[in-house]
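In: please find the sequence and the predicted model below.
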Amino acid sequence: MDFQKLVDVYEELEQTSSGNALREILSTFFKTVPKEDIAMISYLTLGQITSEYESVVLGMAEKMVLKAIASASGNDIAKVQKIMQETGDVGLTAEKVLQKKPRTLVPVGKLTVQELFDTLQKIADASGTGSQDRKTNLLVSLLQKSSPQGAKYISRIVLGTLRMGVGDMTVLDALAIAFTGEKKNKEYLEKAYNICPDVGVIAETIAHKGLKGLEKIDVHVGRPIKMMLAQRVKSWEEIQKKMPGKVAAEGKYDGERVQAHRDKKGRISLFSRRLENITDQFPDLVEYLQKQITAKEYVIEGEVIAVDEKGKLLPFQTLMQRRRKYDVEEYVQKIPVQIKLFDLLFVNGESYIHEPYEKRIAQLANIVKKSKHVVLADQLISDDHTEINRFFQNMVKEGDEGIMIKNLEGEYQAGTRGWNWIKWKKEYVKEMVDTFDLVVVGAFHGRGRRSGTYGALLCAAYNKKKDQFETVCKLGTGLTDEMLTELPKMLAKYKVNTKPARVMVKKEMEPDVWFDPKVVVEVLAAEITKSPFHALGLALRFPRFIRYREDKNAEQATTTKEIQEMAGK
Ligand code: AMP
C-alpha cells in the first residue's frame, strides 16, 4: 500500500476530537487495507513498529532527526533549527521545511508502507559504531520519498511522539468493525488480546482467519499475558455472596507484580504489570528462578518485594529504586528482593490458563524448591470467617496491604478484573477510604506559593467500555513542594495543545494544560459524591496524592465502572 494513503488517514485523525469519530475513520480505512499490510498499519498507527512489550526503540534523538530533515530537503541545519524554534515540534518542522518551494530535492519514487516499515526496522536494528550516521541516512531516504505531510508523521514516529489519540483498544474496536462487521465482536478480539497483547498478531489473525482463528490464541512462552486483576467489595458479606464456601486467602504484598517466562532453551524473561520487559533490572531474580524452579519451560507469576537481610518487608518506595537502567549490580546488593509466587499459567508445553486456581497452584507448588528468595505466597484455605480474619490481621501486622481472596475453581481471567479474585485491604476496615489509580489528563497553573508550577492536576478514570478517560477529581493535596517543582518538567513530554480525543471533560473543568493520558497516580480519597463538574458525574472528595504508579499504564487505571459500583450506582 502506498504510504500516502495512510498519511491521508492520519491527517483526518489529527483533526478529530471525538473518540467515536476516531474509530469510524480507522474502521473505514481498515476495510481498504490489504491483509498483508494490516499488522504493519496497526503498529504504525500506535506509533510503533512492533508490539509494545517488545520495547523496540528507534533510538533517534531530536538533533539527528533535524539533521536528516536538512539533508533530505537540501537546506542547511541552521535554517531547520530556526523553524524548529518557531514550531516547537519536529513533525511540523519536517512538514514546513519540505513544503518550501522550490524543494531542492524532489521526492524520488513512491514510499510504500512495507518500505517504510522495513526501513524503520533497520533504523531500530542499527547499533554500534557509525550507527548514528546509518540511522540518519536511512531516515533521509524515507523523508526524500515522502510528501511533506508524510515526513511529519515519519519524524514523529522515529522520535516516539506520534500521538494520534489512538490506543490499543481503539485499534481493536476498528478491527472488529472492519473484519467482522460488528462492533460487539470486539469482545472476542479483546479476549484474545488479553492472552496475546500484540495488536499486530490480533490484526493479522482476524484478517486471515477470522474469529475462529482468534479462539485458538493461547499462552506462548516469551510473550507476556495481560495480568489478571482483583475486584473490590465494600463488606465481608459481599465476598461470601460472591464466593460461597471454601476460598483461598493469600497475602496481598505491596511490591511489583512480575510474570516470569522460561523457554525450553533456558532463557528467562520477566515482565511487569505494564508488560515491559524488566529482565535486566532483576539479574538476581533470574538467577534464583533458574535454581529454584524445577520445570524446564514455564510461565509463573508472583509479587516481588524488597526485603532486608533478615527477610523483613521493606517499603514499596525502596523496591522502586530497583527500577533502573544503570548501577543495577550495586542495587542488587543494596536492595535484595524476594518473590512471593502465586500463580502458574504454563508448564512444560501445557497451558494452564483455563484450569482452576486449585490445579494451577498445586502445579506451582510441584515445581518450586523454596528458598530465602523464592517462596510461595502465604495461603489459607477456609470457609471460616474468623479464621480468615485472623489470617488477614496477621498479614497486615507483617506490613502487607491485606489479603487476596481467590475462587478455588476460578480460571485465570487474563487482563480482567473478574470475580475470581477479590482484594480485601486494610484501608477498608479502618475507615471509608480507598485508593484509586487515576490518569493525569491536564493541569491548572498554580497561584501564590505555587506560581510557576502546576497548582493541581486534573485526573480521570478509564471507561473501558467506551475506551475513554473521564475526569473525576482535581488533585492538589499530598504533592510536596519538591514534587511540584518537578511536575512541569516531568509532564512536558506528554503535553499536547488540544484536548486528546479520548479525554472527556466538562467545560467547567477545562484545564490550562492538556496531557496525553499516560501518567498514572495513586490517589487516596475519602468519599465519592455526585458532581456536575466532572465527566463521570461523580467526583472523589478530599483526594490526596499517594505516589506515582509507574508500573501501570493509562488503560490499567481504576475504571469508571468500579467507581460507580463503589458509589452504589
Ligand atoms: P490492585 O492493584 O489493588 O488491583 O491489586 C492487585 C495487585 O496486587 C496485583 O497486580 C499484584 O501486584 C498484587 N498482589 C499482591 N499479592 C498478591 C497475590 N497474592 N495475588 C495476586 N496479586 C497480588
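Out: Looks like it arrived, so ask away.

In: OK, contacts around residue 402?
Out: Remark: with contacts taken as CB atoms under 8 Å, 6 or more residues apart in numbering, residue 402 is in contact with 252, 392, 395-396, 423-428. In short, each C-beta sits where N, CA and C put it, glycine included.

In: and what of residue 368?
Out: Listed by CB under 8 Å, 6+ apart, the contact partners of residue 368 are 292-294, 341, 374, 376.

In: just the ones in helices from the contacts of residue 402, please.
Out: Among those, the members falling in helices (DSSP state H) are 392, 395-396, 426-428.

In: can you tell me which of those comes closest to the ligand?
Out: Each of the ones in helices among the contacts of residue 402 was checked against the ligand using CB to the nearest ligand atom; the closest is residue 395, at 9.6 Å.

In: phi, psi for residue 498 please.
Out: Per-residue torsions, residue 498: phi -130, psi 170 (degrees, to the nearest 10).

In: no no, residue 76
Out: Backbone dihedrals for residue 76, given as degrees, to the nearest 10, come out at phi -90, psi 160.

In: hmm, it is touching residue 66, no?
Out: No: using CB atoms under 8 Å, residue 76 and residue 66 do not qualify as a contacting pair, with a distance of 11.1 Å.

In: more neighbours: which of these two?
Out: When residue 76 and residue 66 are compared on other CB atoms under 10 Å, the one with more neighbours turns out to be residue 66, at 21 against 10.

In: if I look at the more buried one, how far off is the ligand?
Out: When CB to the nearest ligand atom, to the nearest Å is applied, the distance between residue 66 and the ligand equals 42 Å.

In: same question, residue 499
Out: Computed with CB to the nearest ligand atom, the distance linking residue 499 and the ligand is 28 Å.

In: now do the phi/psi pair for that residue.
Out: Comment: the main-chain dihedrals of residue 499 come out as phi -60, psi 120, following degrees, to the nearest 10.

In: repeat that for residue 180.
Out: Dihedral angles (degrees, to the nearest 10) for residue 180: phi -120, psi -10.

In: which ones are touching it?
Out: 206, 210-211.

In: including distance to the ligand, neighbour count and pLDDT, could those residues go into CSV?
Out: CSV is the format used below for the contacts of residue 180 (distance: CB to the nearest ligand atom, whole Å; neighbours: other CB atoms under 10 Å; pLDDT from 0 to 100):
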residue, distance to the ligand, neighbour count, pLDDT
206, 29, 25, 97
210, 33, 14, 95
211, 30, 15, 96
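
In: pLDDT averaged over stretch 426-434 - what is it?
Out: pLDDT averaged over stretch 426-434 equals 65, rounded to a whole number.

In: circling back: among the contacts of residue 368, who's most crowded?
Out: Counting by other CB under 10 Å, residue 341 has the largest number of neighbours within the contacts of residue 368, with 24 neighbours.

In: skipping adjacent residues, who's closest to that one in space?
Out: Excluding its sequence neighbours, the residue lying closest to residue 341 (CB to CB, 6 or more residues apart in numbering) is residue 302, at 3.8 Å.

In: report how many residues lie close to residue 229.
Out: Number of residues near residue 229 (other CB under 10 Å) recorded here: 17.

In: now do residue 12
Out: The number of residues packed near residue 12 is 16, by other CB under 10 Å.

In: do the one 3 residues further on as well
Out: The number of residues packed near residue 15 is 9, by other CB under 10 Å.

In: and the residue in the stretch 151-300 of the chain that the ligand sits nearest to, bridged to which residues?
Out: The nearest approach of the stretch 151-300 of the chain to the ligand comes at residue 257, 3.3 Å away (CB to the nearest ligand atom). According to DSSP bridges, the partner residues bridging residue 257 are residue 303.

In: which residues touch it?
Out: Contacts for residue 257 (CB under 8 Å, 6+ apart) come out as 227, 272-273, 301-304, 551.

In: and the ligand, which of the residues you listed reach it?
Out: By CB under 6 Å from any ligand atom, the members of the contacts of residue 257 lying near the ligand are 227, 273, 303.

In: one step back: biggest separation within the contacts of residue 368, which pair?
Out: Of all pairs drawn from the contacts of residue 368, the one with the longest distance (CB to CB) is 294 and 376, at 13.7 Å.

In: which SSE is residue 547 in?
Out: Secondary-structure element containing residue 547, defined by DSSP states H and E: strand 544-548.

In: what does the helix or strand just after that strand contact?
Out: The first helix or strand that comes after strand 544-548 along the chain, using DSSP H and E, is helix 560-566. Under the contact criterion CB under 8 Å, 6+ apart, helix 560-566 has outside partners 232, 234, 417, 434, 436, 461-465, 470, 472, 528, 536, 538, 540.

In: how about low-confidence regions in the chain?
Out: Applying pLDDT under 70 to the chain flags residues 101-108, 429-433, 569.

In: please parse it into its domains.
Out: Domain ranges of the chain: 48-159, 229-429, 434-566, per automatic domain parsing.

In: how about those in a markdown table, adding distance to residue 20?
Out: As requested, these are exported to a markdown table (distance: least, CB to CB, whole Å):
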| stretch | distance to residue 20 |
| --- | --- |
| domain 48-159 | 23 |
| domain 229-429 | 23 |
| domain 434-566 | 9 |
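
In: quick one, what contacts the nearest residue to residue 57 once chain neighbours are set aside?
Out: Leaving out its chain neighbours, the residue that sits closest to residue 57 by CB to CB, 6+ apart is residue 124, at 6.8 Å. In this structure, residue 124 makes contact with 49, 56-59, judged by CB under 8 Å, 6+ apart.

In: which of those are buried? Put it as a ChimeraX command.
Out: Command for ChimeraX that selects the buried part of the contacts of residue 124, burial taken from 16 or more other CB atoms under 10 Å:
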select :49,56,58,59
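
In: from the contacts of residue 124, which single one is nearest residue 72?
Out: Out of these, the one with the shortest distance to residue 72 is residue 58. That distance is 16.7 Å, counting by CB to CB.

In: alright, I will stop here.
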